[in-house]
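K.L.:
With the sequence up front, the predicted model follows.
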Amino acid sequence: SKDGLALNHAEVQYTFSTIALYRKALFAPPYCSVPCGNPAGIKTPLAPLLRAAMDNGQVSAELYPGAWTDVGTPERLAQLNTMN
């Protein structure tokens, strides 16, 4: 949005780059039902938590208009390194 908030149902959508700073409140009710510290090691997807927080105006965002490459795996990083 123009005021820097991420919108769950925006007309134009962008890729989440996984560069983030989270507050502990995101991993507690009402957004997350997993007990504090996740003692059982429950896998919980992040997207539903972020979308619920977006709906409450609790997620800010920055748009990076420059070049971006997904290097999320060692294989992708190796492939990128062979290009340079």
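P.N.:
The structure has been received and is ready for your questions. Numbering: from 1, shown residues only.

K.L.:
any idea which helix or strand carries the closest residue to Ala25 other than its chain neighbours?
P.N.:
Excluding the flanking residues, the one nearest Ala25 by C-beta to C-beta, 6 or more residues apart in numbering is Tyr31, at 7.5 Å. Heads up, the C-betas are built off the backbone N, CA and C, glycines and all. Under DSSP states H and E, no helix or strand contains Tyr31.

K.L.:
just the helices in the protein please.
P.N.:
46-55, 74-83 (DSSP state H).

K.L.:
Tell me which of the ones you listed is the most buried.
P.N.:
With neighbours taken as mean count of other C-beta atoms under 10 Å, the helices of the chain reach their highest mean count in helix 46-55, at a mean of 15.

K.L.:
Tell me how many other residues surround the closest residue to Ala28 other than its chain neighbours.
P.N.:
The spatially closest residue to Ala28, leaving aside those adjacent along the chain, is Cys36, at 6.8 Å (C-beta to C-beta, 6+ apart). By other C-beta atoms under 10 Å, 9 other residues sit near Cys36.

K.L.:
isn't Cys36 right next to Pro29, touching?
P.N.:
No: the criterion here is C-beta atoms under 8 Å, and Cys36 misses it with Pro29 at 10.0 Å.

K.L.:
Distance from the chain centre to the helix or strand of the chain with the lowest mean pLDDT, please.
P.N.:
The helix or strand of the chain with the poorest confidence is helix 74-83; it has a mean of 91 (mean pLDDT, DSSP states H and E). The gap between where helix 74-83 is centred and where its chain is centred comes out at 23 Å by C-alpha atoms, centre = their mean, to the nearest Å.
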